[in-house]
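K.L.:
turn this into a structure:
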Amino acid sequence: MSEQRIGTREEWQAARDELAKLEAEQAERNEEVKRKRLALPWVPVEKEYVFDTEDGKKSLAELFDGRSQLLAYNIMFGPDYTLGACPGCTSLADGLDGSLVHLNHRDVTLACFSRAPIERLSAYRRRMGWQFPYVSTHESDFAFDFSLALTEKQAEQVPEIKELIDNPPGWLEEWSGQIGAELKDGLRENPAWIAFARDNGTVYHTYTVSAPDPFVAPYFNFLLERTPKAQPAEPRTWRKDEYPD
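P.N.:
Residues are numbered from 1 along each chain as shown. Here you go, the predicted model:
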């Protein structure tokens, strides 16, 4: 028997009306956040970066593919990962392909970054059936310069990472096994969205957001939040071809 409170239609409506007030306040707050996000200053990217893609070497400007905006998600898939990308990041990426045509027609190129070599990214992309461009930042300073990854020395200075390595919860130990890397290496990758603009030949960095922001989560989580039981009991995420059944 469910432990959820059972009530009448009238009780439900009263509670729903109260919740609607909070949702309206949140929507208003979200609009304020959006205005401040759009008001962030654009920072020129002066350093030259070269990326490995399935179509060969490309500069940051070339990743725009002729459009003026580039939105990319950094998938946790470091050079030390031997069994594939982070399952949570993989689940997020599973939801991106449906957005490609819509973003492309709105002057936005959507892509994903990872630090593993391009050969491993391409194989993983084929395994997952993804269509979006998947770009390797391997042997580049790009991920470190834009806080998409930490060097070993930097990671050692982060108390939260050190605590997780010294006292990992069970689900994180399982995650380490899923990616095939030690936690000291796996946790150096930062799941994050990053945005760039291109104007008059200059590329600008405009925005970055990292976990635990809700935007950096598998999209099905937003659907689960509206279901009767809201969230799964465990934080573990499976790759779509690895569910036990």
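K.L.:
okay, now residue 116: neighbour count?
P.N.:
24 (other Cβ atoms under 10 Å). C-betas here are computed from N, CA, C, even on glycine.
K.L.:
please read the previous query as pertaining to residue 218.
P.N.:
Neighbour tally, residue 218, other Cβ under 10 Å: 18.
K.L.:
contacting residues for it?
P.N.:
88, 91, 92, 94, 95, 237 (Cβ atoms under 8 Å, 6 or more residues apart in numbering).
K.L.:
7 Å instead, please
P.N.:
88, 91, 92, 237 (Cβ atoms under 7 Å, 6 or more residues apart in numbering).
K.L.:
how much space between the last one and residue 71?
P.N.:
Just to be clear, that refers to residue 237. In this view, residue 237 and residue 71 are 22 Å apart by Cβ to Cβ, to the nearest Å.
K.L.:
more neighbours, the two?
P.N.:
The neighbour comparison of residue 237 against residue 71 (other Cβ under 10 Å) goes to residue 237, with 21 against 17.
K.L.:
right, and the more buried one touches residue 85 too?
P.N.:
No: with contact defined as Cβ atoms under 7 Å, residue 237 does not reach residue 85; the gap is 11.3 Å.
K.L.:
burial of the spatially closest residue to residue 192 that is not a sequence neighbour, as a residue count?
P.N.:
Closest residue in space to residue 192, ignoring its immediate chain neighbours: residue 210 at 4.0 Å, by Cβ to Cβ, 6 or more residues apart in numbering. For residue 210, the number of neighbouring residues by other Cβ under 10 Å comes to 15.
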